[in-house]
Each structure stands twice: as structure tokens, then as C-alpha cells.
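In: pasting a predicted model and its sequence here:
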Amino acid sequence: MADNYLEKKMEEFREGKKAVRRPSASVEGLLKHISEPSQASADTVMGAQLEAVVRAAKHLSEAESFRFDIDEKAAAIRLLGPGSPRRYLLEAGELVLAMRMKAAELHLSSRVEPNPESTAPANPLLATVFIWK
């Protein structure tokens with residue numbers, strides 16, 4: 001019995017480890033996932049997933065001017081802008097796209113609800129990103 005075990009181990013050693021290749025997500029695939037309409041499901045999104053989405057957006061240098069408010073109960077991320085948000089709408093769009101692409105990479109769906117009053121200096125809320133499975 002011991003000899004048979006050693007023979008199998010030697011055979012595995014000689015063959016080497018079997019590589020498991022997982023395809024990485026392409027930009028085109030992520031954009032396609034974002035554009036596909038989907039229905040919100042009752043599955044809950046974990047707080048760690050929401051934080052991963054925010055971390056992805058924070059990789060962009062434009063994120064320094066913004067604040068992210070995570071609402072785990074609603075599975076939403078609010079993007080809060082600086083004092084004069086009108087100047088930063090393009091950067092806000094970049095951050096929203098980064099968050100949606102990360103959500104797509106995590107096999108989550110998302111939608112954006114822009115705040116129509118985002119150009120008023122008194123209201124720093126630019127958009128809300130909702131995420132679901």
C-alpha cells in the first residue's frame with residue numbers, strides 16, 4: 001500500500017502541476033455586461049463587494065476630490081462632489097464608470113441614478129450607483 005502511494009506521488013511529480021487557466025475579463029466584456037438590461041434580484045450584496053467597487057474607483061487620481069458614501073442596506077454608493085460640482089462632472093463620470101466596471105467584474109449588476117440638482121453648490125450629491133446580483 002505504501003509503495004503504491006509513493007508511485008502515484010512520483011508520477012504526479014514527474015507530470016507537474018496541472019495549470020487551471022481562467023480567462024480574465026476583457027474591457028469589451030465588462031462594457032457589454034454593464035449595457036445589458038437586468039432585473040434587480042433579492043440577493044444581498046455584501047459590504048466587502050461594495051467596498052471593492054469603491055476601492056476600484058479610488059485608483060483613479062480624480063477620486064481625491066470626491067467622497068464615497070456606502071449604504072449597505074440599500075446596496076448603494078453615493079458619489080459626493082466638491083464645493084463646485086459643475087467643474088467635476090467629467091471626473092464624476094469616470095469614477096462612476098470605474099465603479100460599474102468593477103461591479104461587472106464581480107458579476108454584479110449596476111445602475112446609476114444621477115442627481116438632477118448636482119450643479120447646485122449646496123448639494124454635493126452627484127450620483128448614486130445601485131448594485132445587485
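Out: Now that the structure is in, tell me what you want to look at. Numbers count the residues shown, from 1 in each chain.

In: show me the longest helix that occurs in this protein.
Out: Using DSSP state H to define each element, the chain has its longest helix at helix 89-105.

In: now that helix - C-alpha only, CSV.
Out: Provided in CSV are the C-alpha atoms of helix 89-105 (Å, rounded to 0.1, in the frame of the first residue of the first chain):
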residue,chain,number,x,y,z
LEU,A,89,-18.9,66.3,-13.7
LEU,A,90,-16.5,64.6,-16.3
GLU,A,91,-14.4,63.2,-13.4
ALA,A,92,-17.5,62.0,-11.7
GLY,A,93,-18.5,60.2,-14.8
GLU,A,94,-15.1,58.5,-14.9
LEU,A,95,-15.5,57.3,-11.3
VAL,A,96,-19.0,56.0,-12.0
LEU,A,97,-17.7,54.1,-15.0
ALA,A,98,-14.9,52.6,-12.9
MET,A,99,-17.3,51.5,-10.2
ARG,A,100,-19.7,49.9,-12.7
MET,A,101,-16.9,48.1,-14.5
LYS,A,102,-15.6,46.7,-11.1
ALA,A,103,-19.2,45.6,-10.3
ALA,A,104,-19.4,43.8,-13.6
GLU,A,105,-16.1,42.1,-13.0
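
In: average model confidence for that helix?
Out: Average pLDDT, helix 89-105: 93.

In: quick check: buried residues in the following helix or strand past it?
Out: Downstream of helix 89-105, the next assigned helix or strand under DSSP states H and E is strand 109-114. For strand 109-114, the neighbour count (16 or more other CB atoms under 10 Å) marks 109-110, 112 as buried. All C-beta spots, glycine's among them, are computed from the backbone N, C-alpha and C.

In: same check on stretch 18-34?
Out: So stretch 18-34, judged by 16+ other CB under 10 Å, has buried residues 30, 33-34.

In: so what's the predicted local confidence for residue 120?
Out: 60.
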